[in-house]
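Trainee: Predicted model follows, preceded by the sequence.
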There are 6 protein chains.
Amino acid sequence: MFSVTVRDHMMVAHSLEGEVFGPAQRLHGATYVVDATFRGDSLDDDGILVDIGRATEELHRAVGDLSYRNLDDEPEFKGTNSTTEVLARHLADRLADQVRAGALGPAGGVSGIVVTLHESHVAWASYERAT
Amino acid sequence: MFSVTVRDHMMVAHSLEGEVFGPAQRLHGATYVVDATFRGDSLDDDGILVDIGRATEELHRAVGDLSYRNLDDEPEFKGTNSTTEVLARHLADRLADQVRAGALGPAGGVSGIVVTLHESHVAWASYERAT
Amino acid sequence: MFSVTVRDHMMVAHSLEGEVFGPAQRLHGATYVVDATFRGDSLDDDGILVDIGRATEELHRAVGDLSYRNLDDEPEFKGTNSTTEVLARHLADRLADQVRAGALGPAGGVSGIVVTLHESHVAWASYERAT
Amino acid sequence: MFSVTVRDHMMVAHSLEGEVFGPAQRLHGATYVVDATFRGDSLDDDGILVDIGRATEELHRAVGDLSYRNLDDEPEFKGTNSTTEVLARHLADRLADQVRAGALGPAGGVSGIVVTLHESHVAWASYERAT
Amino acid sequence: MFSVTVRDHMMVAHSLEGEVFGPAQRLHGATYVVDATFRGDSLDDDGILVDIGRATEELHRAVGDLSYRNLDDEPEFKGTNSTTEVLARHLADRLADQVRAGALGPAGGVSGIVVTLHESHVAWASYERAT
Amino acid sequence: MFSVTVRDHMMVAHSLEGEVFGPAQRLHGATYVVDATFRGDSLDDDGILVDIGRATEELHRAVGDLSYRNLDDEPEFKGTNSTTEVLARHLADRLADQVRAGALGPAGGVSGIVVTLHESHVAWASYERAT
């Protein structure tokens, strides 16, 4: 099993609804350092699972749509908290769509995606799914 | 599959019995940077797998019981070497107990735990188990 | 010359006024990983410049007053942008006050402070001053 | 499931054939920071999966054979691109051979190997296999 | 004193002439993770020393001219070894030229530049100069 | 001004005498990730300040003499606490001796040394001196 990971980041504001969140119920923000991992069993004729350059561009496009925004105002997260877990799933779903739409090239070998969001040097969350 | 990871550390002394350990048979010590990962398939109504704040507290409690100690004197490790692997298992078992006891809240979604101990910038070990 | 550094973090929302900031003029946020460095020429009788435990507590207090807040609403930053540079100076000034007030103990040896705020894995800013 | 990981690095030149690689078709180079992970279900009587000292030596031997070389001239990579994925597989295969040859000691517990090559702070690739 | 640092990287081939370099006399390569630090005593009316976005673009331009190249063929390094120290100076000189040419905006406050090149996780070199 | 830094580590036991240290008065231990920085104004004819290979060997020798030891039993630290600051000074002094004794080669350009000891991911200390 191969995997290729690329890293980018996004800076957003949001608040989290629910007593469990304590002070994070207030409007605050986060830098999410985002790692997108593509997994698969085989390489193509060029010897790659996905092109790292293209993967970097697609991840940049995905995080770019959330960057420098207040997630409380974004329709994607209406009615749900934009927790680190939820954001990881959102980005993994988005990247899976892009893979299926051919944005990474044939990429026939990509069978799984993991997205990890580092919210600080001491906490991070991931979501893993098939493509 | 979701995962949430929090990081803490502990500073301990110990020695390791067995020729394979070479100079580490002498009394020495280590800072273990400890990552505790909680895994599960689903999020609760707040949009979280576990509360990062609570997970941080529980990990701090678990490493706190070993912190600033000579592990050669601790009853938990009588008759066994407190290697990085053994310590990872010890902490994973401890956290699994805490999860089952409800310390992380309902956390119905937590089905697995991974604990990784970094003993330096060039070596680390993990133990993974079901909850 | 000795130095001692401790690390903590804070998660805040803010917006930045001025065309130069482009999309960062919108309300967004950041995790700032904060390093506070204390400098001085001599150690006390215990062999320390400052106690790392106390330094950690004082830094935690300083970042705690900004944590989980929208800095656009904080009086300290009325009329100024809460840029990474401005926040670094704010925290360095705050820590210098705490040092002079004896919060770190006698700490007679501390002559300088540097605060570094990492806003992502690819950008950070510092402010350095005398105590 | 236990795992033990050790880190080393190698500095190599190479070029990559195929339009997808853009400017990386030119002769260039890379530092690969290499993480070798050994996995297994059980510990031996010393309380270890593998000896970290020995694992470090074996990884050093494996990366040493490629270090400070132009991979375009190495027979191992004749007719294939020495991409990060291909290099990860090459090193994992090599380490699996060493494990089976007893280089890590009895190491009866090692059932899998993962090799991760970090080509920069924003991109890395892995290969995982059974021993 | 303020400083602002941005990070990028470049992947190059080269060889080093001189017995001291041992195996690095052969053609090999490196990923250099490059940190460019801008220093100065005062902030402008926007509350910044330099715009992080612009600094990132200028650093990208500077490393881009060397990226994916064999430095042995580059006229800038004719007659000198392209060691980590020499490359750090080259990039610092280049960035100082860009600052003086106004590429970072008025940036009246920038009085010094430090460039650090990380050649691996265990070795790096810097060059510091006035603008 | 140039600088070259190399990284190694050591794992030691010790205890710290004095109420300020709280639980660290007990016998415990630490992994110190050690960065040794050599500073100087000029490069030699090979284009280097110091040879990174030799610097790595000298640092390894210096940390090797303390590695896997209980510092409470080491004569160098009789009557003084082996705090992170004291250990940084000890290693910087040791490396300055080695530089003056020619262990790094002519190295005429080395005018200063900084040693940084990371005791965890959230605390480190440095000592800087002339050679």
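Mentor: Structure's in. What do you need?
Trainee: Go ahead and confirm A:R39 touches A:T5.
Mentor: No: A:R39 lies out of contact with A:T5 (C-beta atoms under 8 Å); the separation is 9.6 Å. Quick note: C-beta positions are derived from backbone N, CA and C, even for glycine.
Trainee: Let me know whether A:A88 touches A:E119 as I believe.
Mentor: No: look at A:A88 against A:E119 with C-beta under 8 Å: they stay out of range, at 10.2 Å.
Trainee: any residues in contact with both of those two?
Mentor: Overlap of the contact sets of A:A88 and A:E119 (by C-beta atoms under 8 Å, 6 or more residues apart in numbering or on different chains) consists of A:A125.
Trainee: the more surrounded of these two?
Mentor: A:A88 (26 against 19; other C-beta atoms under 10 Å in any protein chain shown).
Trainee: Just say helix, strand or coil for that one.
Mentor: When classified by DSSP: H, G, I helix; E, B strand; the rest coil, A:A88 comes out as helix.
Trainee: what about it, distance to B:A55?
Mentor: In this view, A:A88 and B:A55 are 16 Å apart by C-beta to C-beta, to the nearest Å.
Trainee: which residues sit in contact with the closest residue in space to A:R61 that isn't next to it in sequence?
Mentor: Counting by C-beta to C-beta, 6 or more residues apart in numbering or on different chains, A:Q98 is the residue found nearest to A:R61 once chain neighbours are left out, at 7.7 Å. Listed by C-beta under 8 Å, 6+ apart, the contact partners of A:Q98 are A:58, A:61-62, A:104.
Trainee: A:L104 versus A:Q98, what's the distance?
Mentor: Taking C-beta to C-beta, one finds A:Q98 at 7 Å from A:L104.
Trainee: What's the mean pLDDT across stretch A:89-106?
Mentor: Mean per-residue pLDDT for stretch A:89-106: 93.
Trainee: Need the overlap of contacts for A:Q98 and A:L104.
Mentor: A:E58.
Trainee: Same list, the contacts of A:Q98, but as CSV with secondary structure please.
Mentor: Shown next, in CSV, are the contacts of A:Q98 (three-state DSSP):
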residue, secondary structure
A:E58, helix
A:R61, helix
A:A62, helix
A:L104, coil
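Trainee: quick one, what contacts the residue nearest the centre of chain A?
Mentor: For chain A, A:L91 is the residue whose C-alpha lies nearest the centre (C-alpha atoms, centre = their mean; 3.3 Å). Listed by C-beta under 8 Å, 6+ apart, the contact partners of A:L91 are A:34, A:36, A:62-63, A:115, A:117, A:127.
Trainee: Counting neighbours, which of the residues you listed comes out on top?
Mentor: Ranking the contacts of A:L91 using other C-beta under 10 Å puts A:V115 first, with 28 neighbours.
Trainee: which residue sits closest to that residue, ignoring its sequence neighbours?
Mentor: A:A92 is the one closest to A:V115 (C-beta to C-beta, 6+ apart), at 4.1 Å.
Trainee: now A:H90
Mentor: Per C-beta to C-beta, 6+ apart, closest to A:H90 is A:E76, 6.5 Å.
Trainee: In three-state terms, how would the one you found be classified?
Mentor: Under the three-state scheme (three-state DSSP), A:E76 adopts helix.
Trainee: so it touches A:D93, yeah?
Mentor: No: contact criterion C-beta under 8 Å: A:E76 and A:D93 do not qualify, at 10.1 Å.
Trainee: Output the residue of chain A whose distance to chain C is smallest.
Mentor: Chain A approaches chain C most closely through A:G29 (1.0 Å), counting by C-beta to the nearest C-beta.
Trainee: Next up, the contacts around that residue.
Mentor: Going by C-beta under 8 Å, 6+ apart, A:G29 touches A:11-14, C:11-14, C:28-31.
Trainee: In a markdown table, list those along with pLDDT and secondary structure.
Mentor: Listed next are the contacts of A:G29 as a markdown table, based on pLDDT from 0 to 100; DSSP: H, G, I helix; E, B strand; the rest coil:
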| residue | pLDDT | secondary structure |
| --- | --- | --- |
| A:M11 | 98 | strand |
| A:V12 | 98 | strand |
| A:A13 | 98 | strand |
| A:H14 | 98 | strand |
| C:M11 | 98 | strand |
| C:V12 | 98 | strand |
| C:A13 | 98 | strand |
| C:H14 | 98 | strand |
| C:H28 | 98 | strand |
| C:G29 | 98 | strand |
| C:A30 | 98 | strand |
| C:T31 | 98 | strand |
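Trainee: Give me the pLDDT for the residue in chain A that chain F sits nearest to.
Mentor: Residue of chain A nearest chain F, by C-beta to the nearest C-beta: A:H121 (6.7 Å). The model reports A:H121 with a pLDDT of 98.
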